[in-house]
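**Q** got a predicted structure plus its sequence, pasted below:
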Amino acid sequence: MVRVRVRGITATAVSKILLDKGYSIVQASDIIRKRFDLETDNSPADVTIKDSSEDELLVLGFFNDGKKVFDDLVDSLEYVFEWVSPIGLYSIHVGIVKEKILDKCIVELGNNIEGILFNCRHNTGDKIVVSIDKAPVKPGEKPRLSYRLRVVGEYVSLIYGSSTLSISEHIRDRSKREYLLAIATAKLIGSGLGIHFRSSSMYGSREDIEREIDELKRKLMEIIDRAKNIDDPPQTIYEGEFIGLIGLTSLAKEKLDLYRGEVVSTMPRHHSFKSCSGVLSELVDFIEQLISVNNSLKDFLVNAIDRYIAEKLLVMPRVRIIHKKPDGSVHELTPGYIRSVEKRDYGLEVILTRTIRSNGMYDGLNVEKKEGDIDYMVVRSNEWFISHNYYRRDEWIGTYININTPPEILPGLIKYHDLLVDIIIKPGNEPEIIDLEEFDKYCEENIISEKLCNSTREKIDEVINNVEKYIYRPS
């Protein structure tokens with residue numbers, strides 16, 4: 001049974017998903033053990049899942065186990081961005097120096113992957129043994145390489161090419177740290193090897209840790225011997241760890257809400273609001289306490305929090321707009337100012353105004369941009385679009401409809417995951433779809449999940465067939 005350690009604000013929902021699929025949850029927090037009635041199990045984890053940012057889950061672990069956990073989470077959450085490193089973290093390679101620029105080498109690793117090695121001591125054409133110090137997870141990233149070779153176990157990592165000793169930041173007990181230091185001194189003195197004690201080592205017996213150190217020593221020496229005898233690089237000689245990120249759209253957070261709701265009282269948009277921390281996060285805790293006592297209050301309280309957000313938007317009319325793309329980049333648009341906020345059946349409708357401050361061209365519309373033009377930006381929760389309606393005084397210049405996951409509307413902030421496709425509407429012209437090829441590319445590469453790709457195509461057709469619905473005409 002694969003053992004998984006889960007941390008972060010999604011811990012209850014993720015634990016529910018994994019327990020239903022037959023995984024074992026280890027090193028669980030007190031609250032997770034209580035919610036799932038789990039026995040204490042401090043076994044070392046094969047895979048760790050934790051928040052990488054407010055909208056991303058990091059999955060890291062032994063290669064096959066990590067990949068399986070990642071795929072099962074994607075299948076359960078459905079509407080996600082998927083970023084997986086094509087090469088293992090700490091994997092070891094015999095590569096070829098393709099190019100040297102000052103002290104930086106570009107190293108060919110095989111499978112059309114090139115890595116960057118700083119402080120390179122080799123020359124172009126040399127065979128070189130390197131490991132992956134930083135894995136490329138998102139598109140466009142390159143592996144960062146190191147001469148230090150690391151093999152990873154359940155309790156420790158051993159490092160060839162460094163004699164440093166480090167202990168996980170999660171091990172804070174001074175006596176435990178001194179105990180681990182004594183083990184390292186006894187086992188590695190004079191070896192020239194470095195060691196990192198993983199967080200699981202706080203639970204390991206001396207016998208188990210020492211046994212693993214001996215096993216990893218042998219493994220490391222075998223890898224080094226094998227590397228010396230490889231005459232036909234590039235080759236991978238140690239696969240390292242699986243590493244992947246799951247981009248949590250608003251729809252994936254709704255899925256997390258549903259899974260959490262099977263375990264404990266959970267209000268809609270729990271994971272969206274909790275990612276904000278602060279007052280909104282505390283309000284969610286309070287509301288869920290009330291719901292746990294009287295579930296009939298749920299609809300009333302959910303409407304109340306919408307009214308709270310609407311009021312905060314009106315009080316703080318300057319709104320940040322965060323736009324997250326499938327390549328992993330995050331863009332902050334020019335802030336908007338609240339024109340109106342309305343409570344609708346589907347949630348909130350927010351109209352923002354943005355005043356154009358520079359000249360140029362409007363992307364997609366191919367219309368000249370002039371200082372003083374107004375963008376009326378329409379944002380509706382539970383809708384798969386944001387529309388930009390450009391006006392020059394009373395003249396409608398055109399509308400640019402961005403297809404995206406339903407936006408998260410929060411006090412002073414609107415954020416969404418961009419799905420790349422845009423629909424252009426100009427006076428007297430038929431609507432035009434642009435950037436569909438880029439969207440298809442990310443779907444083919446499985447960066448946009450299959451469910452999200454299929455749903456996006458349906459939404460594109462819906463917008464095209466009802467374009468008038470998406471044009472805003474200020475009164």
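**A** Great, that's in hand.
**Q** ok, I159 to Y90 distance?
**A** 9 Å (C-beta to C-beta, to the nearest Å). C-betas here are computed from N, CA, C, even on glycine.
**Q** with neighbour numbers in mind, choose between those two.
**A** For I159 versus Y90, neighbours defined as other C-beta atoms under 10 Å are more numerous around I159 (24 against 21).
**Q** and that one, bridged to which residues?
**A** Beta bridges link I159 to R150, G194 when assigned by DSSP bridges.
**Q** returning to that earlier point: shared neighbours of I159 and Y90, which are they?
**A** Residues touching both I159 and Y90 (C-beta atoms under 8 Å, 6 or more residues apart in numbering) are R150.
**Q** and P44, what does it touch?
**A** 3, 26, 154-155, 198, 200, 203-204.
**Q** mind doing that once more with 7 Å?
**A** 154-155, 200 (C-beta atoms under 7 Å, 6 or more residues apart in numbering).
**Q** out of these, list just those in strands.
**A** Judged by DSSP state E, the subset of the contacts of P44 located in strands is empty.
**Q** closest to E408 out of these?
**A** Among those, S200 lies closest to E408 (C-beta to C-beta), at 35.1 Å.
**Q** please look at P326 and E444 and confirm they touch.
**A** No - P326 is beyond contact range of E444, at 11.8 Å (criterion: C-beta atoms under 7 Å).
**Q** chain neighbours aside, what residue packs nearest to I25?
**A** Closest residue to I25 apart from its sequence neighbours, by C-beta to C-beta, 6 or more residues apart in numbering: S15 at 5.3 Å.
**Q** phi first, then psi, for that neighbour.
**A** Phi and psi for S15, reported as degrees, to the nearest 10, are phi -60, psi -40.
**Q** quick check: it vs N465, distance?
**A** 42 Å.
**Q** likewise K312?
**A** From K312 to N465 the distance is 35 Å (C-beta to C-beta).
**Q** let me see the ranges of the helices in the stretch 301-450 of the chain.
**A** 436-444, 450-464 (DSSP state H, counting those that start in this stretch).
**Q** can you give me the angle the shortest one makes with helix 450-464?
**A** The reference is to helix 436-444. 160 degrees (axes from the mean of the first three to the mean of the last three C-alpha atoms, to 10 degrees).
**Q** dump helix 436-444 to PDB, restricted to CA.
**A** Extracted C-alpha coordinates of helix 436-444, given in PDB (Å, rounded to 0.1, in the frame of the first residue of the first chain):
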ATOM      1  CA  LEU A 436      -7.700  28.200 -30.600                       C
ATOM      2  CA  GLU A 437      -4.400  26.500 -31.900                       C
ATOM      3  CA  GLU A 438      -2.600  27.400 -28.700                       C
ATOM      4  CA  PHE A 439      -5.400  26.000 -26.600                       C
ATOM      5  CA  ASP A 440      -5.400  22.800 -28.600                       C
ATOM      6  CA  LYS A 441      -1.600  22.500 -28.100                       C
ATOM      7  CA  TYR A 442      -1.900  22.600 -24.300                       C
ATOM      8  CA  CYS A 443      -4.800  20.100 -24.500                       C
ATOM      9  CA  GLU A 444      -2.700  17.700 -26.600                       C
END
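**Q** name the residues of it that come out as buried.
**A** 439, 442-443 (16 or more other C-beta atoms under 10 Å).
**Q** helices or strands next to that helix in the packing?
**A** strand 413-425 (3 or more C-beta pairs under 7 Å, 6 or more residues apart in numbering; DSSP states H and E).
**Q** before we move on, back to that, who has more neighbours out of K312 and N465?
**A** K312 (15 against 9).
**Q** any idea how far E282 is from the nearest residue to that one once chain neighbours are set aside?
**A** Spatial nearest neighbour of K312, chain neighbours left out: P411 (3.7 Å); criterion: C-beta to C-beta, 6+ apart. In this view, P411 and E282 are 13 Å apart by C-beta to C-beta.
**Q** among the two, which residue is more densely surrounded?
**A** P411 (17 against 12).
**Q** other residues contacting stretch 347-358?
**A** With C-beta under 7 Å, 6+ apart as the criterion, stretch 347-358 contacts 306, 309-310, 313, 319, 334, 336-342, 369-382, 409.
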